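Engineer: What follows is a protein structure lacking sequence information:
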């Protein structure tokens, strides 16, 4: 992937050198500045939500969420440990809020726990849930659109909700059909 990215960067700089040699440095400087500004805006959103997730985890609220989500987790994963249920519920609820990037560390920890104690079916289901989460509030995309100056950053809500529900139901169905517990 790095090779492809490097190829396209070199190609675009080469084309810009031929078309507009004086604009190369200006374009690089402008693009870098916009990328840094957008990164800081997203970093603020992620820091806030990671802080909220840490408060939920350390405050014991994750156990309450785990109790609420016990039936869906047991339907999807079968029998798991309490620690795994806590992490799964935290991971699923953070993805539900559209915090897929902020939920990644929790997902990695959950997957490694499933790798040690779970079955390959559970690992496959976790992978499916990581790839196709339901996003009730697509926070990351809304913050990206708002950071880029969109006039209506929330107009993606309904399409994302519909697509995420369809893809999740289809994915879970396919795992249940083609994978034996």
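Structural biologist: Yes, it's here. Just so you know, these numbers come straight off a predicted model, no measurement behind them.

Engineer: from here on, contacts and neighbour counts on C-alpha atoms
Structural biologist: OK.

Engineer: which helices and strands does the top helix by length along the chain pack with?
Structural biologist: Ranked by number of residues, the top helix in the chain under DSSP state H is helix 24-58. Packing partners of helix 24-58 (3 or more C-alpha pairs under 8 Å, 6 or more residues apart in numbering; DSSP states H and E): helix 2-19, helix 82-96, helix 100-117, helix 139-147.

Engineer: pLDDT (mean, whole number) over that helix?
Structural biologist: Rounded to a whole number, the mean pLDDT of helix 24-58 is 82.

Engineer: got the buried residues for the next helix or strand after that helix?
Structural biologist: Next along the chain after helix 24-58, taking DSSP states H and E as the criterion, comes helix 61-68. Neighbour-count burial for helix 61-68, counted by 16 or more other C-alpha atoms under 10 Å, picks out 62-63, 65-66.

Engineer: May I see the buried residues of stretch 10-18?
Structural biologist: For stretch 10-18, the neighbour count (16+ other C-alpha under 10 Å) marks 13, 16 as buried.

Engineer: if we look at that stretch, which residues are touching it?
Structural biologist: The set of residues that contact stretch 10-18 without belonging to it, under C-alpha atoms under 8 Å, 6 or more residues apart in numbering, is 23-24.

Engineer: does residue 151 sit in a helix, a strand or a coil?
Structural biologist: For residue 151, the assignment made with DSSP: H, G, I helix; E, B strand; the rest coil gives coil.

Engineer: I'd like to know how far it sits from residue 145.
Structural biologist: Using C-alpha to C-alpha, to the nearest Å, residue 151 is found at 9 Å from residue 145.

Engineer: In terms of neighbours, single out the busier of these two.
Structural biologist: residue 145 (17 against 9; other C-alpha atoms under 10 Å).

Engineer: Please spell out the segments of this protein that come in under the pLDDT threshold.
Structural biologist: 98, 100, 118, 180-181 (pLDDT under 70).

Engineer: okay, now residue 46: neighbour count?
Structural biologist: By the other C-alpha under 10 Å criterion, the neighbourhood of residue 46 contains 20 residues.

Engineer: Run a quick check on it versus residue 97, I expect a contact.
Structural biologist: No. With the criterion set as C-alpha atoms under 8 Å, residue 46 and residue 97 do not qualify as a contacting pair; they are 12.0 Å apart.

Engineer: Can you tell me how far residue 95 is from residue 22?
Structural biologist: From residue 95 over to residue 22 (counting by C-alpha to C-alpha), the distance is 45 Å.

Engineer: Give me the more crowded residue out of the two.
Structural biologist: In terms of neighbours (other C-alpha under 10 Å), residue 95 is the more surrounded of residue 95 and residue 22; the figures are 26 against 11.

Engineer: quick one, what contacts that one?
Structural biologist: Contacts were defined as C-alpha under 8 Å, 6+ apart; by that measure residue 95 touches 103, 133-135.
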